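Asker: below is the sequence, then the predicted model.
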Amino acid sequence: MTLKRVGILTGGGDCSGLNAVIRAITRAAIIQHNATVVGIEEGFDGLIFDRHQELTVRNTRDILPLGGTIIGTTNKGHPFEYRERDEHGNIQVHDYSKKAINNFKRLMLDCLFVVGGDGTLQIANRFYEMGLPVIGIPKTIDNDLVGTDYSFGFHTAVQIACDALDRLQTTGRSHDRVMILELMGRDSGWIALESGISGGAHVILIPEIPYQLDKVIEKIRLREAGGSPYTIIVVAEAACEAGGKEVTSENAAERLQGVKQYGGVGNYLTEKIKNEIHQEVRCTVLGHTQRGGTPVSFDRILGTRFGAFAVKAAAEGQFGNMVALKTPNIVLTPLSTLAGLVRKIPSADQLIESAEAVGISLGR
């Protein structure tokens, strides 16, 4: 089919590589099809409330190394269940899906490229089922999307965490301290496991393997007895003690959307460990630094490949699909097969086997 006008939005949390996708879609659509590219601002909010800008080769030419997204994003605007407070402070839920569809038609778009994680792509699939021509593009630092080997943003997050571990190694060794690094990842431990291995961590705690505190203490004492009186521990934000629950925090914005927000497991673990050993225990929470900054080359390349292939798929009319990496190729996966699924680390994964083979404790 002929592409005349296409739209792109980025939803959910930001991550490095989003601008590489925006740039690739813009350039491929213009160079290959002479199409007009419309950037929908602030995720689905822009489609609901009609906020957009035209994207050109010129105004996207310098964005490849930039973190974040030049068209903005949000992880709170759900068009089918849009929550907002009325003048009395009460939460009202609205279905703005038809309003979004009307704005899509008013913009005369031939395709909507939706870049996001599980939640954003579920919304994209619902719009596709309502007749919108949609192509999904997987984005998450957590690497927890099924159907693709990697999502862009993940490798940059791992590198940022690895860099932090390199620094914690030197200060931990200097003071004979136990250094705990809390990382993002939501319900999967991919960031923690890969950065922990690459950063030389001695203990890695992930959601997929509930940890036993006595095993963590045992590792710390074994290292001290062996002449290494410092320990580096990486803990994923949703890791939990065997028989316990994940540590969560709340704030007004999250309560408004009914979203579970992880956070605090590093400090929880600090208090537990320092009561059992004589060494100092310090915790660092890396937080949103994992989302920001310059993308590594892998994420720039993957984002570019995703964007170019998405335009090709749209021109062929293959809507209702997500572009995905099945190494070494980019392929299409139906959006309908992704709903509600989280890609966790398999218990027999070779990464886990490799970690334990070199002496890393997973708390079991």
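Answerer: Cool, got the structure.
Asker: tell me the residue in the chain that is farthest from the middle.
Answerer: What lies farthest from the middle of the chain is residue 225; by C-alpha atoms, centre = their mean that is 39.0 Å.
Asker: can you pull the buried residues of the helix or strand harbouring residue 26?
Answerer: Using DSSP states H and E, residue 26 sits within helix 18-33. By 16 or more other C-beta atoms under 10 Å, the buried positions in helix 18-33 come out as 18-30, 33. C-beta here means a position set from N, CA and C on the backbone, and glycine is covered the same way.
Asker: now do stretch 231-242
Answerer: Residues of stretch 231-242 classed as buried: 231-241 (neighbour count, 16+ other C-beta under 10 Å).
Asker: so which of those belong to helices?
Answerer: In helices, judged by DSSP state H, none of the buried residues of stretch 231-242 are found.
Asker: just the closest of the residues you listed to residue 195, please.
Answerer: The shortest gap between residue 195 and any of the buried residues of stretch 231-242 belongs to residue 234, at 6.6 Å (C-beta to C-beta).
Asker: about what we covered before: can you put the buried residues of stretch 231-242 in JSON lines and add pLDDT?
Answerer: Output for the buried residues of stretch 231-242, formatted as JSON lines (pLDDT from 0 to 100):
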{"residue": "231", "pLDDT": "97"}
{"residue": "232", "pLDDT": "97"}
{"residue": "233", "pLDDT": "98"}
{"residue": "234", "pLDDT": "98"}
{"residue": "235", "pLDDT": "97"}
{"residue": "236", "pLDDT": "96"}
{"residue": "237", "pLDDT": "93"}
{"residue": "238", "pLDDT": "92"}
{"residue": "239", "pLDDT": "94"}
{"residue": "240", "pLDDT": "92"}
{"residue": "241", "pLDDT": "93"}
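Asker: ok, those vs residue 62, which is closest?
Answerer: residue 237 (33.5 Å).
Asker: can you tell me which residues contact that closest one?
Answerer: Neighbouring residues of residue 237 by C-beta atoms under 8 Å, 6 or more residues apart in numbering: 182-186, 247, 262-263, 265.
Asker: ok, and the most crowded of those?
Answerer: The most crowded member of the contacts of residue 237, judged by other C-beta atoms under 10 Å, is residue 183 (32 neighbours).
Asker: how about stretch 263-273: buried residues?
Answerer: Buried residues in stretch 263-273 (16+ other C-beta under 10 Å): 263-266, 268-270, 273.
Asker: stretch 332-346 too?
Answerer: Buried residues in stretch 332-346, defined by neighbour count with 16+ other C-beta under 10 Å: 332-333, 335, 338, 343-345.
Asker: go through those and flag which are in strands.
Answerer: Among these, the ones falling in strands (DSSP state E) are 332-333.
Asker: for residue 206, state which of the buried residues of stretch 332-346 is nearest.
Answerer: residue 345 (6.5 Å).
Asker: related to what we said a few turns ago, with distance to residue 313 and pLDDT added, can I get the buried residues of helix 18-33 in a markdown table?
Answerer: Listed next are the buried residues of helix 18-33 as a markdown table, based on distance: C-beta to C-beta, whole Å; pLDDT from 0 to 100:
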| residue | distance to residue 313 | pLDDT |
| --- | --- | --- |
| 18 | 19 | 97 |
| 19 | 21 | 97 |
| 20 | 18 | 97 |
| 21 | 14 | 98 |
| 22 | 17 | 98 |
| 23 | 18 | 98 |
| 24 | 13 | 98 |
| 25 | 11 | 98 |
| 26 | 16 | 98 |
| 27 | 16 | 98 |
| 28 | 11 | 98 |
| 29 | 12 | 98 |
| 30 | 17 | 97 |
| 33 | 13 | 97 |
